[in-house]
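**Student:** Here is my input; please provide its structure:
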Amino acid sequence: MPTGPSRWAARLTLGPARTVTVMSDLVKVANYLTKTEAETAAVLLKNAGIPCLIQSAEGMLHGPLGLGATIYVAAAALEEAQEVLGITDSESESETIEL
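**Tutor:** Now for the predicted structure:
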């Protein structure tokens, strides 16, 4: 099985020095109390070759707001992401967002 972002994401080159990863059909993997906790989980996912997106309002105004953060992955990567993070199906609520 291939590894890395190509499994669930496409890479676009926007010029000589800018490459971005585009993901579609994102689903929620987990909610966290702080953005820092979500960033820690995101490192685990990225080390497993699973691209992810963190959604958080923290830092948009004046520092931590205590509103928490949510991690999203491509729908095809949901089960593997849950396994990497040690999340069981009973702990997860599936939510899909479209970009």
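**Student:** where in the protein is pLDDT low?
**Tutor:** Low-confidence segments of the chain (pLDDT under 70): 1-24, 58-66, 89-99.
**Student:** Go through it and flag its longest helix.
**Tutor:** In terms of residue count, the longest helix belonging to the chain (DSSP state H) is helix 35-47.
**Student:** Report the buried residues of that helix.
**Tutor:** Of all the residues in helix 35-47, those buried under the rule 16 or more other C-beta atoms under 10 Å are 35, 38, 41-42, 45. Quick note: C-beta positions are derived from backbone N, CA and C, even for glycine.
**Student:** now these in a markdown table, with distance to residue 74?
**Tutor:** Below are these laid out as a markdown table (distance: C-beta to C-beta, whole Å):
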| residue | distance to residue 74 |
| --- | --- |
| 35 | 21 |
| 38 | 17 |
| 41 | 16 |
| 42 | 14 |
| 45 | 11 |
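**Student:** Which of those residues sits closest to residue 56?
**Tutor:** Comparing these against residue 56 with C-beta to C-beta picks out residue 35 as the nearest, at 4.4 Å.
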